[in-house]
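In: Sharing a model that was predicted from the sequence below.
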Amino acid sequence: MSLHLDLKLTLLLIMTVSAFLPCPHNVKMIAVDMDYMLHWDWNYTHLENPVNFTAEYTFPSSEDEHIPYKRVCEGSRDRWCNFTHCRLHFSGMYWVRVRAEAGLQHSDWTTITFTLDEDVLLSSPSIVNVMADIDVLTLTISKSVMSDPMKLQYRVQYWERLKPEQKHMEVYDSPHAPLSSLTSRTEYCVQVSFFSQIYNKSSNYTSPQCVYTKGHSLVWQTILAMLCSIPLLGAFLYMCHKFRRKSFVYTTPESILAFSSAPLLLEVQEECYMVAHVIIPAIPLTHTLKEQEHTPELQPSQSICKWNDGSKQDSGFSSGLES
């Protein structure tokens, strides 16, 4: 009798302690590709001891009702737990539970069902390279980690930038996606998303990327431009010639012309002077000394030419008398 009473008291004490802490609520698994994060809310803070959380999971089976749980987070103060490293099978269904703990007290478990192929979300393509060519855009799309397990396809949406209401859709099995039969020299915008027809899931579209398509060669346009420019060039040269002929011609004043007609440098002129030598007969000895003093001295005949530049030159003539 006392044994049953002690067991009842123990069970009552356990129920009282566990009921003292509220359970975590809004428990949900956020799964993007192969990243799994369990989140929950818990706002009860009126406790002396800090509150920790424990999260576990198991693979349910109808044959065994008491399947052990595998703990992922224990004694954590965060409001989330990372299940990515657990390597959960994509086609499996799991039971996931979490509870609050404070000292010797703990709350009841809050349990949810997590089915990967139903609950997982697809992320958008991380890289989309767009190469423009003549009337063609070629897209190279990065693969997803879910490409193999979900047999993903690539859904491409494109439109002319000036006509956003006219959108077109193409689906490709390969990450290499060419868009052909486009208008040359036109700006197109493209965006891409992953799509799984088997699981009926798709990701969000990427941000639009806008590029111009290339056009054909401009050789004929260049030739046409050159042919058109030849008459224009001829007209321009003709106008320049007419302008030069009609341009004002400066005439020099007569006063300047009369002054400039005289030579600026004097020509060299020859000036000749003839020096005559007088020959006087010999004076008789009877002349007095006084008369000799007044007799002029005989000097040889010379001919001197004087140049206007100040130099002197012998004329080549002489009297034939030399002492």
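Out: Sure, I can see it. Everything quoted here is computed from the prediction, not taken from an experiment. Numbers count the residues shown, from 1 in each chain.

In: Just confirm residue 160 contacts residue 185, I think it does.
Out: No - the criterion here is C-beta atoms under 8 Å, and residue 160 misses it with residue 185 at 11.6 Å. All C-beta atoms are positioned from the backbone trio N, CA, C, and that covers glycine.

In: So between those two, which is more surrounded?
Out: Using other C-beta atoms under 10 Å as the criterion, residue 160 and residue 185 rank with residue 160 on top: 17 against 11.

In: so what's the more buried one up against?
Out: 166, 183, 186, 187, 188, 189 (C-beta atoms under 8 Å, 6 or more residues apart in numbering).

In: what's the answer for residue 209, then?
Out: 128, 130, 189, 190, 191.

In: Give me the secondary structure label for the fourth one.
Out: Each residue gets one of three states, and residue 190 gets strand by DSSP: H, G, I helix; E, B strand; the rest coil.

In: so what's the closest residue to residue 21 other than its chain neighbours up against?
Out: Distance criterion C-beta to C-beta, 6 or more residues apart in numbering; nearest residue to residue 21, sequence neighbours excluded, is residue 107 at 3.9 Å. Residues counted as contacts of residue 107 (C-beta under 8 Å, 6+ apart) are 18, 21, 22, 23, 24, 99, 100, 101.

In: Could you point out which of these is nearest to residue 214?
Out: In terms of C-beta to C-beta, no member of these lies closer to residue 214 than residue 24, at 58.5 Å.

In: Residue 84 touches residue 35, doesn't it?
Out: Yes - using C-beta under 8 Å as the test, residue 84 is close enough to residue 35 to be in contact (5.1 Å).

In: which of the contacts of residue 209 has the most neighbours?
Out: residue 190 (22 neighbours).

In: where does that one land on pLDDT?
Out: Residue 190 is assigned 97 on the pLDDT scale.

In: beta partners for the closest residue to it other than its chain neighbours?
Out: Spatial nearest neighbour of residue 190, chain neighbours left out: residue 158 (4.5 Å); criterion: C-beta to C-beta, 6+ apart. Beta-bridge pairing for residue 158 (DSSP bridges): residue 168, residue 190.

In: which ones are touching residue 36?
Out: By C-beta under 8 Å, 6+ apart, residue 36 lies in contact with 29, 30, 82, 83, 84, 86, 88, 114.

In: shaky segments in the stretch 201-323 of the chain?
Out: For the stretch 201-323 of the chain, the stretches flagged by pLDDT under 70 are 216-221, 245-323.

In: Swap in 50 and give it another go.
Out: Residues of the stretch 201-323 of the chain meeting the criterion pLDDT under 50: 289-290, 298-323.

In: Assign a three-state SS to residue 91, would you?
Out: coil.

In: Isn't it up against residue 116?
Out: Yes - between residue 91 and residue 116 there is a contact at 7.1 Å, judged by C-beta under 8 Å.

In: So which of these two has more stuff around it?
Out: Taking neighbours as other C-beta under 10 Å, residue 91 and residue 116 compare with residue 116 leading, 18 against 9.

In: Okay, the closest residue to the more buried one other than its chain neighbours and residue 193: tell me how far apart.
Out: Leaving aside its sequence neighbours, residue 116 sits nearest to residue 90 (C-beta to C-beta, 6+ apart; 5.0 Å). Residue 90 sits at a distance of 20 Å from residue 193 (criterion: C-beta to C-beta, to the nearest Å).
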